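A.B. asks: Would you be able to build a 3D model of this:
(chains A and B)
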Amino acid sequence: MNPNYPFSEIEKKIQIEWESSEAFSVNEGSKKPKFYTLSMFPYPSGKLHMGHVRNYTIGDVISRFKSMNGFNVMQPMGWDAFGLPAENAAIQNKTAPAKWTYENIMHMREQLKELGLAIDWKREIATCSVDYYKWEQWLFITLYKKGLIYKKTSTVNWDPIDQTVLANEQVIDGKGWRSGGAIERKEIPQYFMKITDYADQLIEGLDSLEDWPEQVKIMQRNWIGKSTGCEIEFNVIGSNEKIKVYTTRADTLMGITYLAVAPEHPICRRLSNSIKIQDFINDCKKGGVSEAEISTAEKKGIFTGIYVEHPLLNNKVPVWIANYVLINYGEGAVMAVPAHDDRDYEFAKKYNLPIKQVVENERGVAEDAYTGPGLLINSGEFDGIDNSDAHNKITQKIESLGKGGLKINYRLRDWGISRQRYWGCPIPMIQCNKCGDNPVEENDLPIRLPENVEIDKSGSPLKKMQDFVKCKCPVCGEEASRETDTLDTFFESSWYFARYASYDQENAMLDNRAKYWLPVDYYIGGVEHAILHLLYARFFNRVLFDLKLIDNQEPFKKLLTQGMVLKNGTKMSKSKGNTVDPNDLIKKYGADTARLFIMFAAPAEQSLEWSDDGIEGAHRFLKRLWKIAYQNINPVSSIKVRAELIDSKSESELKYKLNATIEKVTDDLERRTSFNTAISSIMELVNLLTKKQSDNNISESLKKDTINIILLLLTPFVPHITKELWGMLNLDSKIEDQPWPTVDKSALIKDEVVVVIQVNGKLRGNMVISPDTEEGTVKEMAISNEGVVKFITDDTKIIKVIYVKNKLINIVIK
RNA sequence: GCCGGGAUGGCGGAACUGGUAGACGCACGGGACUCAAAAUCCCGCGCUGGCAACAGCGUGCGAGUUCGAUUCUCGCUCCCGGCACCA
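C.D. replies: You can find the predicted model right below:
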């Protein structure tokens, strides 16, 4: 045995062994209960980064821990392979997106394998392969026929110079990232999925997700944004038109001083003869579509010349167009109550509109809006009523007048799934001049995406490919054209977790194996996916459930949202030159060291500050582990141990620590998901064992047991070194066959405890007592304690004594 | 702007249910081994004062609840994630 830790050699050897024995290949025939661990699949950008290492190590630790605890564990891997970066790379390097993507996948697969992950590679999928996306097209058609997919116009970022649609991230300060041209909002027809039909289910489902982080559930709930409010119709004066508004503050109805509508509101159409208003509306089209951009823009408005009638007061209320009103929330119009809404207040101040207070508060509304609770004033028959009561009473009144009433509203909008891009799954629809839009016949699937293409800056090349576009209408058989938009890549990532189970099924999207493996028991990925990906995946899962393709309503039983890997406080990125290449680390220290450090450096949910120095410490620990095992296999001198010489106190100290560590590590992995503290407690045990290594009062067998248990506890984190050392220490067994160690409770019984003594909450001493010593005795001991007596003089009075059993005593004096 | 999260020594972090703040690791300082260096091992290490014993202060800022607050409540500051076409 090599006295130095030969990580490179052993990792390569063991990885070859795992690969040739298909050590992590699983199927449905096992008697053990199933456990499905999944890490969010990567976009094949070309190079693995530390965020991936963190994500996949967490998944691997959980997988291996569950295996040792008797589960039939599946851990698959695949590629989220469609998307924008391939098109950008294609423009830059003049390579086809398909070629670029497949080369990246090959490279990243090799990098992943060097990490020694317990992955069942036979299940590998790539979403850009036709075997995968043909089922997506099948699903699209199925859902289109069910009415869950429809077409409508909606807004995109339009770059008028490059003549192309831009993603939000490609719009920088309202300008196109390549062209620098001012971006406009443009309406184009697109396909939508009716996720709003599932809004209530998606809210209620959150309650069943006990093992999801609370903040993710809160974010999703807020995103869906179910609110109960009041819809109110305003009659337009001098016309029989009506403007509907939605409000959650019907109590402030008497405080309305104007109505604000979105620039896209239908009422604006009849203002086409006013050049000033048209200019304003056109001006509102400038800039990108993102909500962040719209809501941080300076508030602007213009009076329309239109008045509506107040439903209760019957006075004239002016109608303004305002850029802060969103067309896709509520009715695209709001009743403005400047006194009690911050945005309305700011707008009213800017345009000198009146501010009428209707909810009482001490400060008034001279400085800012008051949005809190209170009694109504200036509201006629509703004066003196608490505003939450008033909300209900006014809603009822509106209802009785036939001018609206109670309404449930959602912030969630239907999911736009069309993308004006090339590198994505073709939408299987055909446009016919006679018959309109119709889905492709199921027999004609898949619609293959042509892979040998040249990309330029101006949009999708599919539109220019006559071979692709020309087709026959499935209804009338006449010449028609194929849809050239592709699907949002969130479509692929919304069901990949199910396909891993039925990875090689050629005749259906999913089969019974999906019913065996789903739901995912443990899902690990970045917090940045807390809303969109996770909400779309939950939605899809319910759709698949309704199609009876799977048996579970929620896709992910337990969720762990991992934090980002930072260097010098910022995200690692090529442009900042602060990237760390995982494969350089593996070359220098080995995969085990890289895995151990990334799990040790910070709690999984928090962002991790990368440190080149820190990794040395992790490596040093593994070297010490190697050495201590080496000393046990090859003892320097043969110490003769006689049972009667063994000091039971020294042994029981090690036994206590050993069992306390098993208990701690198990709890950290099972309940707390606290990997860093699990590792530090194993380090403590190794430190103690090192200290006791030459202690003749401890039997060799206890030392050996301790090392064996350390190896088992470390296996999920550092599977190569532990397998190697186990093999050398235990010639007759394999570490793969070992169960997770169990705690010997009897070793954890203490015969003395330390109680700390405080005076007025300040630490002044401590004492060793036997557990369960009577409270009175403990108090007496505490008061007469050496560190305590000097604080208790003749003129101090003991007011009270608080005793926390076997832990702490606080003497309160005056 | 809206939603969610975070802030603890020189650094990464620990303290799990309101009960000893700083476990474990890094960096640093001192020592051992060595011709020397690396590696390894041992000791020290929150700040201030003090030779020391010890005392005071200390968990982003400001208040509050409590015998006792890193932990709970309220009000701020700064940083990070998301905001529907990055994935």
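A.B. asks: ok now do A:Val337, which residues does it touch?
C.D. replies: A:Arg249, A:Thr252, A:Leu253, A:Gly255, A:Ile256, A:Thr257, A:Asp344, A:Lys356, A:Val358 (C-beta atoms under 8 Å, 6 or more residues apart in numbering). Bear in mind the C-beta positions are built from the backbone N, C-alpha and C, glycine included.
A.B. asks: strands paired with the helix or strand where A:Arg764 lies, and their directions?
C.D. replies: Using DSSP states H and E, A:Arg764 falls within strand A:762-769. If you go by DSSP bridges, strand A:762-769 pairs up with strand A:753-759 (antiparallel).
A.B. asks: what sits up against the partner strand?
C.D. replies: Counting by C-beta under 8 Å, 6+ apart, A:763-771, A:778, A:782, A:785, A:787-788, A:791-792, A:806-811, A:813 sit against strand A:753-759.
A.B. asks: Can you show me the helices along the stretch 301-450 of chain A?
C.D. replies: Assigned by DSSP state H, counting those that start in this stretch, the helices in the stretch 301-450 of chain A fall at A:342-351, A:387-400.
A.B. asks: I'd like those helices as JSON lines, with mean neighbour count appended.
C.D. replies: Output for the helices of the stretch 301-450 of chain A, formatted as JSON lines (neighbours: other C-beta atoms under 10 Å):
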{"stretch": "helix A:342-351", "mean neighbour count": "18"}
{"stretch": "helix A:387-400", "mean neighbour count": "18"}
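A.B. asks: Compare those and give me the one nearest A:Gln431.
C.D. replies: Minimum separation from A:Gln431 across those (C-beta to C-beta) falls at helix A:342-351, 41.3 Å.
A.B. asks: helices or strands next to that closest one in the packing?
C.D. replies: Packing partners of helix A:342-351 (3 or more C-beta pairs under 8 Å, 6 or more residues apart in numbering; DSSP states H and E): strand A:258-261, strand A:301-309, strand A:316-322, strand A:333-336.
A.B. asks: orientation of it relative to strand A:316-322 in degrees?
C.D. replies: If you take axes from the mean of the first three to the mean of the last three C-alpha atoms, to 10 degrees, helix A:342-351 sits at 100 degrees to strand A:316-322.
A.B. asks: Distance from the chain centre to helix A:342-351, please.
C.D. replies: Between the centre of helix A:342-351 and the centre of its chain there are 36 Å (C-alpha atoms, centre = their mean, to the nearest Å).
A.B. asks: so does it get close to RNA strand B?
C.D. replies: Yes: Helix A:342-351 reaches RNA strand B (C-beta under 7 Å from any atom of the strand) through A:Asp342, A:Arg343.
A.B. asks: residues of stretch A:322-336 that come out buried?
C.D. replies: Buried residues in stretch A:322-336, counted by 16 or more other C-beta atoms under 10 Å: A:322-327, A:329-336.
A.B. asks: Please render these as JSON lines that adds pLDDT to the earlier fields.
C.D. replies: JSON lines is the format used below for these (pLDDT from 0 to 100):
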{"residue": "A:Ala322", "pLDDT": "94"}
{"residue": "A:Asn323", "pLDDT": "92"}
{"residue": "A:Tyr324", "pLDDT": "90"}
{"residue": "A:Val325", "pLDDT": "90"}
{"residue": "A:Leu326", "pLDDT": "88"}
{"residue": "A:Ile327", "pLDDT": "88"}
{"residue": "A:Tyr329", "pLDDT": "88"}
{"residue": "A:Gly330", "pLDDT": "87"}
{"residue": "A:Glu331", "pLDDT": "89"}
{"residue": "A:Gly332", "pLDDT": "92"}
{"residue": "A:Ala333", "pLDDT": "94"}
{"residue": "A:Val334", "pLDDT": "94"}
{"residue": "A:Met335", "pLDDT": "96"}
{"residue": "A:Ala336", "pLDDT": "95"}
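A.B. asks: Need those in TSV (columns: distance to A:Leu401).
C.D. replies: As requested, the buried residues of stretch A:322-336 are exported to TSV (distance: C-beta to C-beta, whole Å):
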residue	distance to A:Leu401
A:Ala322	27
A:Asn323	32
A:Tyr324	29
A:Val325	25
A:Leu326	27
A:Ile327	27
A:Tyr329	25
A:Gly330	20
A:Glu331	18
A:Gly332	23
A:Ala333	19
A:Val334	20
A:Met335	15
A:Ala336	21
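A.B. asks: Now flag whichever of these is closest to A:Asn315.
C.D. replies: Comparing the buried residues of stretch A:322-336 against A:Asn315 with C-beta to C-beta places A:Met335 closest, at 13.2 Å.
A.B. asks: ok, the closest one touching A:Leu259?
C.D. replies: Yes: using C-beta atoms under 8 Å, A:Met335 makes contact with A:Leu259 at a distance of 5.9 Å.
A.B. asks: Check the contact lists of the two and give me the overlap.
C.D. replies: Both A:Met335 and A:Leu259 are contacted by A:Phe234, A:Val245, under the criterion C-beta under 8 Å, 6+ apart.
A.B. asks: before we move on, the earlier item: how far out from the middle of the chain is the helix or strand following the strand holding A:Arg764?
C.D. replies: Moving toward the C-terminus from strand A:762-769, the first helix or strand encountered (DSSP H and E) is helix A:775-783. Distance, stretch centre to chain centre, for helix A:775-783: 52 Å (C-alpha atoms, centre = their mean).
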